[in-house]
Structures are given as structure tokens and as C-alpha cells.
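Visitor: I need the structure of the sequence given here:
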Amino acid sequence: MEIKSDTVEVHIFKVINGELKFLILKRANNVVFPGLWQMVTGKIEGDEKAYETALRELKEETGLIPKNLWVAPNVNSFYSHENNSIIFLPVFVVEVEIDAEVIIGEEHTEYKWAAPEEAQKLFAWAGQRKSVEIITQYFLKEKNFLELVKINH
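Guide: Numbering: from 1, shown residues only. From the prediction side, this is the model:
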């Protein structure tokens, strides 16, 4: 069995009236996991650093420009039965401007800005729900740690 880390997870939020709203995207019917609600995800290409992949996938899947970028204090993982491997995904967090306009790509059919509780209910995997919980905690209650994990891009 192979252990690899070739995919990233990117949670996008904006602050509306002091509350976090997460961007969630519904997968198209012609891709793996059709109809599933998710955050931005993507494969690392060539010699990209994981955070560079996060920025590229953000632009490709949403057309958004990051206001801030952080690495979340969390790494998600799952087992892939298709290739008998365990995948580790670094988790990134992007803040966008309140008036940022989403332009979804071919992989998704719709999007919504959701409160943390709604995003957690719609995400299929426990690791994704845990990421939302951790991100919410950091951005609402533990802001003094944010500079430790900020990525200047």
C-alpha cells in the first residue's frame, strides 16, 4: 500500500456581519462523487508547492482572488480503494473580500455561502467537518495564532 500526499483541500470564507460564511460547491454529475457538496480540492502538479496548488485551484474552480491565505492546523486523510493508498491532504484557508464574485468551473454546478453549521452538515467526510470546526475556532476565538500559519503569497 502506498502513502501519498498529492491533493490539497482549500476552505474559502468571507466575514459577513462578524460571522464566517464558507463557500461550498456542488460537484457536477460528470465527475467523481456527483452531487456532493465540497470545498475546493485539487491535485498537485509537477513541482508545485502545496500552497501554490491551493492558489491555482482556487482560481480555476471559483475565479476568486485571495485576500489572505493560511495553512490550517489540520491534515485530512482518507483511504482510496481504487489504488489501495492512503492520501494525506494539507488543509488551506482562504479569506476573500465580502463582495467577491464566484465563477464556478466545469467541475461544479452550483455554490452557496454557508454558515459553519450548514457546511458541516453538507460535507460528507468527518475530516472536512473537523476542518470547518478548527477554522471557525481559530478565526473567531484564537486570532492571536493566525500570524503563525499565514502564508505570504
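Visitor: Okay, buried residues for the longest strand along the chain please.
Guide: Using DSSP state E to define each element, the chain has its longest strand at strand 68-80. Neighbour-count burial for strand 68-80, counted by 16 or more other CB atoms under 10 Å, picks out 69-74, 76. In this view, the C-beta of every residue, glycine as well, is placed from N, C-alpha and C.
Visitor: Which member of those is positioned nearest residue 15?
Guide: For the buried residues of strand 68-80, the residue nearest residue 15 by CB to CB is residue 70; the value is 14.0 Å.
Visitor: what is that closest one paired to in the beta sheet?
Guide: Residue 70 has these beta-bridge partners by DSSP bridges: residue 93, residue 150.
Visitor: I'd like to know which elements the longest strand of the chain is packed against.
Guide: Based on contacts counted as 3 or more CB pairs under 8 Å, 6 or more residues apart in numbering; DSSP states H and E, the elements that strand 68-80 packs against are helix 50-62, strand 85-95, helix 126-141, helix 146-149.
Visitor: which intervals of this protein have sub-threshold pLDDT?
Guide: Judged against pLDDT under 70, the low-scoring parts of the chain cover residues 144, 148.
Visitor: quick one: contacts for the closest residue to residue 90 other than its chain neighbours?
Guide: Counting by CB to CB, 6 or more residues apart in numbering, residue 90 lies nearest to residue 50, which is 4.8 Å off, once chain neighbours are set aside. Residue 50 makes contacts with 5, 8, 44, 90, 92, as judged by CB atoms under 8 Å, 6 or more residues apart in numbering.
Visitor: Can you report how many residues neighbour the third one?
Guide: Residues lying near residue 44 (other CB atoms under 10 Å) number 19.
Visitor: And for the spatially closest residue to it that is not a sequence neighbour, the neighbour number?
Guide: Spatially, and ignoring its direct neighbours in sequence, residue 44 is nearest to residue 53 (4.6 Å; CB to CB, 6+ apart). Counted with other CB under 10 Å, the neighbours of residue 53 add up to 22.
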